[in-house]
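> Structure of the sequence below:
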Amino acid sequence: MSNSHKILLMGPQGSGKGTQAERLSQKFSIPFFGSGQLIREEVASGSALGEKLNQIILRGELISDVDAAFFLKRRLEKPDTQNGYILDGYPRNLSQYAAFDFDTPTHVVVIEIPREESLKRLGGRLTCQVCNKVGSVSDGIKPGDICACGGQWYQRDDDTPEAIARRLDIYEKDTAPVIAQYEKKGIVRRVDGQGNVNEVFERIVSSLSS
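Take a look at the predicted model:
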């Protein structure tokens, strides 16, 4: 469809992709999800595949590109994606870029923030155990507080300072070449991720119409 929005949201950890994806989902009435979310849902299901993935995560390793593509392809086959979708943080590297051959994005939005800002934001990030919504201690939330959905806020194991620095290194090394590939297609929109949530959102919406 000519008015569909198949948006890839990219940017370093802490750039606010999850928050902006939720708002874009409401504006365009299309679903949003990330490969990490799809994997966590599989782990929570208790399936044999979910248990295998959980062991990989506990070792601090990344899910294989083959598995990541499988989960994404399965999700895109659901009927709610027919008018578009918002994909958070995928593809992360050139191998995933090559595996993502079963659909074509219309826009790649890159939310840019300095590394120091990523470290600052992620140091206080909390996640709801039930709905996977992301919040921050700067919002007055503490680990153990109750989310609006009834779930409990907690700090993920991969939000420790060491894990954050490692993920930022991976982003800078592996994801920049992916963005370069999409830039050749003319669909990349770079957006300043500093400022309040509303300001960043307006910049993203404006970039999608350019």
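> now the helices for the protein?
For the chain, the helices defined by DSSP state H cover 17-28, 35-45, 48-58, 65-76, 94-99, 115-123, 161-170, 176-184, 197-208.
> and the second one, how far from the chain's centre?
Taking the mean C-alpha point of helix 35-45 and that of its whole chain, the gap between them comes to 13 Å (CA atoms, centre = their mean, to the nearest Å).
> What lies in contact with that helix?
Applying CB atoms under 8 Å, 6 or more residues apart in numbering, the external contacts of helix 35-45 come out as 49-51, 53-54, 57, 63, 67-68, 71-72, 75, 87-90, 92, 132. C-beta coordinates here come from the backbone N, C-alpha and C atoms, glycine included.
> If any of those are buried, give me the ChimeraX selection for them.
Entered in ChimeraX, the line below selects the buried ones among the contacts of helix 35-45, by 16 or more other CB atoms under 10 Å:
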select :53,54,57,63,67,68,71,72,75,87,88,89,90,92,132
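> about what we covered before: quick check: which of the helices of the chain is nearest to V108?
Of all the helices of the chain, the one in closest proximity to V108, counting by CB to CB, is helix 176-184 (4.4 Å).
> can you give me the mean pLDDT across the closest one?
Averaged across helix 176-184, the pLDDT comes to 96.
> What residues of it count as buried?
Neighbour counts over helix 176-184 (16+ other CB under 10 Å) mark 178-179, 182 as buried.
> Can you name every helix or strand that it contacts?
Judged by 3 or more CB pairs under 8 Å, 6 or more residues apart in numbering; DSSP states H and E, helix 176-184 is in contact with strand 5-10, helix 94-99, strand 107-112.
> most neighbours per residue, which of the ones you listed?
Stretch with highest mean neighbour count among the helices and strands packed on helix 176-184: strand 5-10 (a mean of 23; mean count of other CB atoms under 10 Å).
> in terms of contact, does E117 touch D192 like I think?
No - with contact defined as CB atoms under 8 Å, E117 does not reach D192; the gap is 11.1 Å.
> The residue nearest to the spatial centre of the chain bridge partners, please.
Geometric centre of the chain, nearest residue: D88, 2.9 Å, by CA atoms, centre = their mean. Beta bridges link D88 to L9, G34 when assigned by DSSP bridges.
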